[in-house]
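K.L.:
Sharing a model prediction with you, sequence too.
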Amino acid sequence: MAAVAERKVSLTFQELLFRLQQFWAAQGCVVQQPYDVEVGAGTMSPDTFLRVLGPKPVRIAYAQPSRRPADGRYGENPNRLYKHTQLQVILKPPPANVQELYLESLKAIGIVLEEHDIKFEEDNWEWPVGGAWGVGWQVMLDGQEITQFTYFQQCGGMDLDPICGEITYGLERIAQFLQDLDSIYDIVWAVEPDTGKQTTYGEIRMYEEEQLSAYSFDYADVPKLWDKLNSYEAECLALIEGAKDIAEMTDIKQQRRFPVLGAYELALKCSHLFNLLDARGAISVTERVGVMARIRTLVVGVAKAYVAQQNAVASQATTEQAS
Amino acid sequence: MAEFLFEIGLEEVPARMLASAEAELARRTMDLLGRERLLEEGAGFESFSTPRRLAVLVGGVRTQQPDVMEELVGPSTKVAYKDGVPTAAAEAFAKKAGVSLDDLKTVTNAKGEYLGADVHRAGRSASDVIAELLPKEIASIYWAKNMYWRAGKPERFVRPLQWLLALLDDQIVPVAWAGKTAGNTTRGHRVLHGAEPVVVEHPGQYRERLEAAKVLPHIEDRRYKIRKALDHVMRTVEDTRWREDHALVDAVTHLTEWPTVLLGKFEEEYLTLPEEVLVTVMRDHQKYFAVEDKSGKLAPYFLTVLNTQANEAGEHIIRHGNERVLRARFNDARFFWDYDQKQTLVERVDKLKNVTFQKDLGSYFAKTERVRALAASLEAILVDRKISVDAKALDEAVLLAKTDLTSELVKEFTELQGIVGGLYARAQGVSEAASIAIYDQYKPTSMEDELPRSTEGILLSIADKADTIGGMFALGLEPTGSKDPFALRRAANGIVRMLGEAKLPITLSEISTLATADSETCSKVKGFFAERVEFYLREAKGQAYDVVKAVLAAGAEDVSDALARAEAVTAARDSEDFLAIAAAFKRMANILSQAKAKGESVPLAAGKEFLTEPTERKLAEEAGRLAAWVDGLRRKQEYVHALEAIATLRPHVDAFFDSVMVMAEDERIRRARLGLLQRVLADFSKIADFSEIVTAG
């Protein structure tokens, strides 16, 4: 059958990731490992959310497993996942030919542009909880959205200067596309070189989808989730409060070591707990706005503290150098 | 005479913004050239746009501004000369004007005598002028959403600028903006042509050079090509046609540089899903055209507009990919449809307690309860006025109206709210009348949209919208200026249209009173509706400004009645007698208001016995007789006849003004005359305040 023959030539899930990482490494990106706290999108990793702030140039790429509890379908829906994988590329400032680079990256994963229909359709990204937004496109390949392309404009309620280009590849979608499959779970993740034995996405991830969907929708202990949310929030707020003293600290080590990143992890925990409570149906729509505002206070507060810390450390370093 | 070509090269511009930006660039360029005297008589332009460019091509451009003589005015002669000798002020002026003292002249204007100088201004080259002034015009183009891209945030635009092209005949005009300086190259299609720059030696070559590089820069060329291709492709499938969709044709025209059309197919089993769902998936989510058979029924095909021209292998791949995406989307929709059936709409009513309508107005459950009461009151009013309503179906429809908000299908396809509820209601055995009302509840969504098909649907729609308006106004969330986040104007326009066009005898006062218990809010809501009625009569019904003002001054309560009165007044406007009467009424209104300003008290028809002149007695008599007659016609809403009757008063009014001085010396006579005028105005201004009608001369 033609489908089998095609499958042999197309990339496995892991090869897809390797190729994209290699491609962006060749463009000067530092390829990092996924962040190890639950996030809803690659953007929420501090490597994007915090590093887009300030003037320092950044070029990084990393694959980020992203959890969206409400999207879980117990592994029953062939197109929806509790957890999917984004390849996140951050280019600050974005090179003038960033769109061309992106199209080159598609070639690198075996897409012959002449044989496809590619459109950049307006799609502006916004994360109100993070005070973050940007303008950009969803990239459509033969009617399928495969990438979100964003010029980040604001983060933590602050204008970015320089702005930042963010390319987010939906790896499952692209693999499904390349391997021509109706179900994500049939994606070939790896092929054993010697035997040709295939391991599918379903084999690797089905249990997780089944069980974490069940946890999010049926088992999660609502009062305990609220307790955790309240407790993480309190700790995060205390750190944000403490961060206000950073500028006054005289010891540069003390300044550098103040755990703004720790506060950010606590804020991320709160965001994930909110998503769990939401999936569990435990947040009425009335409450929803209020809880989102609370998390916004944390996330935006951390972003502001991060900028203040960067500035304080930089000016301290200049002073020390001068004296 | 030269041609000027200007092109702004951009990263993909949002489709929805393209047409207006193209027009704005052309307008700004033409205005600039006109202002700078760079346009020949009969100069014309053509404008272009694709996702990656905006361009304008102007014919009849001067390469050089014509020289002009300009008269400069300097200091007054008193200051400029002392005892006939030029002062320092005169010398400074001569220097500034660049002429010798001998060439100065005297200019006399209203303020006195001044020094003057005729200065010869040499025209500048078009290239210099354009290079200097065009950048400001680029920067001023309006975008609904724009962005920074360069460090230091020097400018904002819709997307990053990639290149500029500016040619005056074969000369490059060095227009510089956002870090780029114009050249004579453009770019072709990203894939079909590639990155190789496309050289344009002369403006006239623009279109052909781009077409060779697989770009159709003219919007109309692409639209024509797309329509042709849609027709052409459909000829390959017997007895089918693509479903007309102007908005979608527009969208894909603005999304492509080199459009082609591809036909795809989907499995017939999906046709068991409601057509509304299938079409929404295809049109709104995938930008596909739906295909129908001869009877208008959906056929298992779709058409997608590509931004490329693939070879046979490519076509196969692209078709296959699109078909797979659509299948996944249809599967999702079917999954949601089946899943939603596990719980009926009736069972979902309680779930509305968890869906917030607005934080201070409570849940959709609370809204439903309010709308039920409101709808019941509206129904009672209609029944009282002998209009039959299926009360049971109406109440059932209101109760279930918002339950589809808890369905997975509506969460996925929010644009189908209401429609999904109607479809589910029918599938679950709810009465046809209630199902139709639920289905139509959000109609009309615009001035062009159809009204709900049934009286029950209209009452549901009015009650729902009135509740929203009343609630938001009570919270002080009424629209201000261009801000109307809750689309209250649209909601009120909908109510006004439904009342006017379905001819329902419900007044806006009644609706306002039902919409809010608070009297202050209620009067605000009434004022808001009055504005909307004015908007409706003028914008939707095309009634003239003065007619609308005249009609509304006589009452804006009953929309269909106001509309009937406006139409009658408009029809009567052609009659000379009517215009004369309107002018006379205006004169009466003026006399009365001047008299009142002087402190005259004007009781209605005071002291008839002091009316002594024959013409005034005749007027009083005729007006009295006519008033009863007109009132009878008015009550029967026979406004055309009523206006004809009013116009017959003209000879008596004319005779009155010809022979009588209203402001007579004798106070009693004066008061009697003023009283007569007051009476006539009051009696005949119940259809419209004719003194508002603008009469020629």
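P.N.:
Ah, there it is. Numbers count the residues shown, from 1 in each chain, chains lettered A, B, ... in the order given.
K.L.:
Any idea which residue of chain A lies closest to chain B?
P.N.:
Nearest residue of chain A to chain B: A:D142, at 3.1 Å (CB to the nearest CB). The way it works is simple: take the backbone N, C-alpha and C, and place the C-beta from them, glycine included.
K.L.:
which ones are touching B:A688?
P.N.:
Counting by CB atoms under 8 Å, 6 or more residues apart in numbering or on different chains, B:A688 touches B:V547, B:A550, B:V551, B:A553, B:A554, B:R565, B:A566, B:V569.
K.L.:
I'd say the third one and B:E567 touch.
P.N.:
When you say that, I think you mean B:V551. No. Counting by CB atoms under 8 Å, B:V551 stays clear of B:E567, with 9.4 Å between them.
K.L.:
list residues touching both of these two?
P.N.:
Counting by CB under 8 Å, 6+ apart, the residues touching both B:V551 and B:E567 are B:Q543.
K.L.:
When these two are compared, which one has more neighbours?
P.N.:
Set side by side, B:V551 and B:E567 show more neighbours around B:V551, with 30 against 17, by other CB atoms under 10 Å in any protein chain shown.
K.L.:
Next one: the more buried one relative to chain A, how far apart?
P.N.:
44 Å (CB to the nearest CB, to the nearest Å).
K.L.:
follow-up on the earlier one: out of the contacts of B:A688, which are buried?
P.N.:
B:V547, B:A550, B:V551, B:A554, B:R565, B:A566, B:V569 (16 or more other CB atoms under 10 Å in any protein chain shown).
K.L.:
Same list, these, but as JSON lines with secondary structure please.
P.N.:
Formatted as JSON lines, the buried ones among the contacts of B:A688 follow (DSSP: H, G, I helix; E, B strand; the rest coil):
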{"residue": "B:V547", "secondary structure": "helix"}
{"residue": "B:A550", "secondary structure": "helix"}
{"residue": "B:V551", "secondary structure": "helix"}
{"residue": "B:A554", "secondary structure": "coil"}
{"residue": "B:R565", "secondary structure": "helix"}
{"residue": "B:A566", "secondary structure": "helix"}
{"residue": "B:V569", "secondary structure": "helix"}
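K.L.:
Looking at those, which gets the smallest pLDDT?
P.N.:
Among the buried ones among the contacts of B:A688, B:A554 has the lowest pLDDT, at 86.
K.L.:
start to end distance for stretch B:137-156?
P.N.:
13 Å (CA to CA, to the nearest Å).
K.L.:
can you pull the buried residues of it?
P.N.:
For stretch B:137-156, burial by neighbour count (16+ other CB under 10 Å) applies to B:E137, B:I138, B:I141, B:W143, B:N146, B:M147, B:Y148, B:W149, B:R150, B:E155.
K.L.:
Redo these as JSON lines? Include distance to B:A195 and pLDDT.
P.N.:
Below are the buried residues of stretch B:137-156 laid out as JSON lines (distance: CB to CB, whole Å; pLDDT from 0 to 100):
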{"residue": "B:E137", "distance to B:A195": "28", "pLDDT": "97"}
{"residue": "B:I138", "distance to B:A195": "24", "pLDDT": "97"}
{"residue": "B:I141", "distance to B:A195": "26", "pLDDT": "97"}
{"residue": "B:W143", "distance to B:A195": "26", "pLDDT": "96"}
{"residue": "B:N146", "distance to B:A195": "26", "pLDDT": "94"}
{"residue": "B:M147", "distance to B:A195": "23", "pLDDT": "97"}
{"residue": "B:Y148", "distance to B:A195": "25", "pLDDT": "97"}
{"residue": "B:W149", "distance to B:A195": "20", "pLDDT": "97"}
{"residue": "B:R150", "distance to B:A195": "22", "pLDDT": "95"}
{"residue": "B:E155", "distance to B:A195": "25", "pLDDT": "95"}
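K.L.:
quick one: contacts for residue 243?
P.N.:
Since no chain was named, I'll use chain A. Applying CB under 8 Å, 6+ apart, the residues near A:A243 are A:F258, A:V260, A:A263, A:A305, A:A308, A:Q309.
K.L.:
um, chain B though
P.N.:
B:V279, B:F289, B:A290, B:V291, B:E292.
K.L.:
phi, psi of it?
P.N.:
phi -80, psi 120 (degrees, to the nearest 10).
K.L.:
Same question for B:F266.
P.N.:
According to degrees, to the nearest 10, B:F266 has phi -130, psi 160.
K.L.:
Which residues does the helix or strand containing B:V383 contact?
P.N.:
Counting by DSSP states H and E, the element that carries B:V383 is helix B:364-384. Contacts of helix B:364-384 with the rest of the structure, by CB under 8 Å, 6+ apart, involve B:349-350, B:352-353, B:355-357, B:361, B:388-389, B:391, B:394-395, B:398-399, B:401-402, B:405, B:455, B:459-460, B:462-464, B:466-467, B:471, B:504-506, B:510-511, B:514-515.
K.L.:
when you check chain A, which of those turn up near it?
P.N.:
Residues of the contacts of helix B:364-384 in contact with chain A (CB under 8 Å from any CB of the partner chain): B:V355, B:T356.
K.L.:
out of the contacts of helix B:364-384, which are buried?
P.N.:
By 16+ other CB under 10 Å, the contacts of helix B:364-384 give B:349, B:352-353, B:355-357, B:361, B:389, B:391, B:394-395, B:398-399, B:401-402, B:405, B:455, B:459-460, B:462-464, B:466-467, B:471, B:504, B:506, B:510-511, B:514-515 as buried.
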